[in-house]
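Colleague: what's the 3D shape of this:
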Amino acid sequence: MKVRFTAHAAEQMVARGICLEEVKRAIRRGSTFKQAPDKYVAVFAYFSVVYRIIDNEHYIITVQPYP
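Modeller: Below is the predicted model of the structure:
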């Protein structure tokens, strides 16, 4: 799986102690739903990943705690 990050997403991952493998696991195994026509949210464990799929790459917008 190809993954790219916005600067914001990378900062949020570091601040929250979430690694690349956890983000990939969330996308593969988490509960995923469409947030907008081209935006998805994957919820897994204690966080969610907001992303878009662009040219077969998962473009991570943000990583945030899930209530």
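
Colleague: which stretch of helix or strand covers the spatially most central residue of the chain?
Modeller: By Cα atoms, centre = their mean, the chain has its centre lying nearest to residue 49, at 2.7 Å. In the assignment (DSSP states H and E), residue 49 maps to strand 47-54.

Colleague: list the contacts of the residue nearest to the centre of the chain.
Modeller: By Cβ atoms under 8 Å, 6 or more residues apart in numbering, residue 49 lies in contact with 23, 26-27, 30, 41-42, 60, 62-63. To be clear about C-beta, it is placed using only N, CA and C from the backbone, and glycine gets the same treatment.

Colleague: try residue 39
Modeller: Taking Cβ under 8 Å, 6+ apart, one finds 50-52, 61 in contact with residue 39.

Colleague: can you list those residues in a markdown table and add distance to residue 13, pLDDT and neighbour count?
Modeller: Below are the contacts of residue 39 laid out as a markdown table (distance: Cβ to Cβ, whole Å; pLDDT from 0 to 100; neighbours: other Cβ atoms under 10 Å):
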| residue | distance to residue 13 | pLDDT | neighbour count |
| --- | --- | --- | --- |
| 50 | 12 | 98 | 18 |
| 51 | 13 | 98 | 27 |
| 52 | 17 | 98 | 15 |
| 61 | 12 | 98 | 18 |
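
Colleague: dump these to a markdown table, plus distance to residue 3.
Modeller: Formatted as a markdown table, the contacts of residue 39 follow (distance: Cβ to Cβ, whole Å):
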| residue | distance to residue 3 |
| --- | --- |
| 50 | 13 |
| 51 | 8 |
| 52 | 12 |
| 61 | 12 |
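
Colleague: which two among these are spaced furthest apart?
Modeller: The largest separation in the contacts of residue 39, counting by Cβ to Cβ, is between 50 and 52 at 8.5 Å.

Colleague: between these two, what contacts are shared?
Modeller: 39-40, 61.

Colleague: just the ones in helices from those residues, please.
Modeller: In helices, defined here by DSSP state H, there are no members of these.

Colleague: report the buried residues of stretch 31-43.
Modeller: Under the neighbour-count criterion of 16 or more other Cβ atoms under 10 Å, stretch 31-43 has 32, 40-42 buried.
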